[in-house]
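In: Output the structure for:
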Amino acid sequence: MKHFLLLFLLFTATIGGTFAQTDSRDGRHIFNHDIPLTQCNFDGSPVSGAVPQPISANTIFTIRTIVDTDYIIRIARFTAGEKFTEKNIALVATAAGTDIYFKLSVANYNAFAVRLEKKGNFTVGAATTLIKIRPGRKSEEGKYNIYSEFGNDFNIGISAGWKIRPNRLSPATHSLVGGLSFSSIKATPYTTKNYLTAEAIQSCVTFSGGYVFEYDKFQVTLFSGLDVMPGQIGRSWIYKDRPWLGLGFGFQIFRAQGTAGNKTSS
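Out: Purely as a prediction, here's the structure:
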């Protein structure tokens, strides 16, 4: 079991490194608030006579290159089916058809804009269930009664599912996820039908699924799951094949992050 745990932790660390890096120049972005921006050249140098121009909230743009601590952006044309306006055309290209670029500092991006994402997307993260409730059951005469149990077994693992953000201006999201984790569970002579002679901590694999509410990276989860304890101890365990209900808290560690660098695109 120790070897499986080591491999699992190594796997989650690898997944974290894979999901943590998303280049800022990929995809599209949108302004949440009005902002004045000044026109520049593709290399970030100023355009002679350029003055700040008002860019309206909900304007979509792409990041074409990064110069020091500034993004060089280009306003997107309205797509088919949307109404073209002279204002949009004036922000996209000159009368001669030359592309127009604007300089946007990273600080202003963080304050005024966000990456334009779908309302629903795939998410990968890590969470731990802090409180487990194992429902009890009265058994037939001569058999072991299964008492309700409130536990705080240590467990940590990986979860994946579908996340929905109803409002892009809000940091609140809702997810339905499934997970796999490793747990340490207290077993006693009674809960193992006297297979153990003294209380001991046993390792097991936990399969779970549930709902996650996330607010700016911090998560609260409502889960149900099943603990699978290996060996004869697991076969004797009175909670074998009995699902639990859980409440947990966590932190989304596999989160897309913009990266600065020297990559350029035209």
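
In: Just the strands from the protein, written as ranges.
Out: Ranges of strands in the chain, per DSSP state E, are 29-31, 35-40, 53-55, 60-67, 70-75, 101-105, 113-115, 120-134, 149-151, 154-164, 172-187, 200-215, 218-228, 244-251.

In: out of those, deepest packed?
Out: strand 70-75 (a mean of 22; mean count of other CB atoms under 10 Å). For the C-beta atoms, the positions are set from N, CA and C on the backbone; glycine is no exception.

In: Kindly export it (C-alpha atoms) in PDB.
Out: C-alpha atoms of strand 70-75 as PDB (Å, rounded to 0.1, in the frame of the first residue of the first chain):
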ATOM      1  CA  ASP A  70       2.800  44.800 -20.900                       C
ATOM      2  CA  TYR A  71       0.400  42.800 -23.100                       C
ATOM      3  CA  ILE A  72       0.200  43.900 -26.700                       C
ATOM      4  CA  ILE A  73      -3.500  43.200 -27.600                       C
ATOM      5  CA  ARG A  74      -5.700  43.300 -30.600                       C
ATOM      6  CA  ILE A  75      -9.400  43.900 -30.400                       C
END
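
In: now it and strand 60-67, what's the angle there?
Out: 150 degrees (axes from the mean of the first three to the mean of the last three CA atoms, to 10 degrees).

In: Touching, residue 69 and residue 105? I think so.
Out: Yes - using CB atoms under 8 Å, residue 69 is in contact with residue 105, at 6.2 Å.

In: Tell me which of the strands of the chain sits nearest to residue 90.
Out: strand 53-55 (8.5 Å; CB to CB).

In: Which residues does the closest one contact?
Out: 31, 34, 35, 36, 37, 38, 39, 75, 91, 102 (CB atoms under 8 Å, 6 or more residues apart in numbering).

In: and if we set it to 6 Å?
Out: 35, 36, 37 (CB atoms under 6 Å, 6 or more residues apart in numbering).

In: Work out the gap between stretch 160-179 and the centre of the chain.
Out: Distance, stretch centre to chain centre, for stretch 160-179: 8 Å (CA atoms, centre = their mean, to the nearest Å).

In: how far does that stretch stretch from start to finish?
Out: 6 Å (CA to CA, to the nearest Å).

In: Ok, stretch 213-220 next?
Out: OK, stretch 213-220 end separation, CA to CA: 5 Å.

In: Give me the mean pLDDT for it.
Out: Stretch 213-220 shows a mean pLDDT of 85.

In: re the thing from before, CSV please, covering the strands of the chain and showing distance to residue 193.
Out: CSV is the format used below for the strands of the chain (distance: least, CB to CB, whole Å):
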stretch, distance to residue 193
strand 29-31, 60
strand 35-40, 68
strand 53-55, 70
strand 60-67, 63
strand 70-75, 64
strand 101-105, 67
strand 113-115, 55
strand 120-134, 16
strand 149-151, 15
strand 154-164, 24
strand 172-187, 11
strand 200-215, 14
strand 218-228, 16
strand 244-251, 19
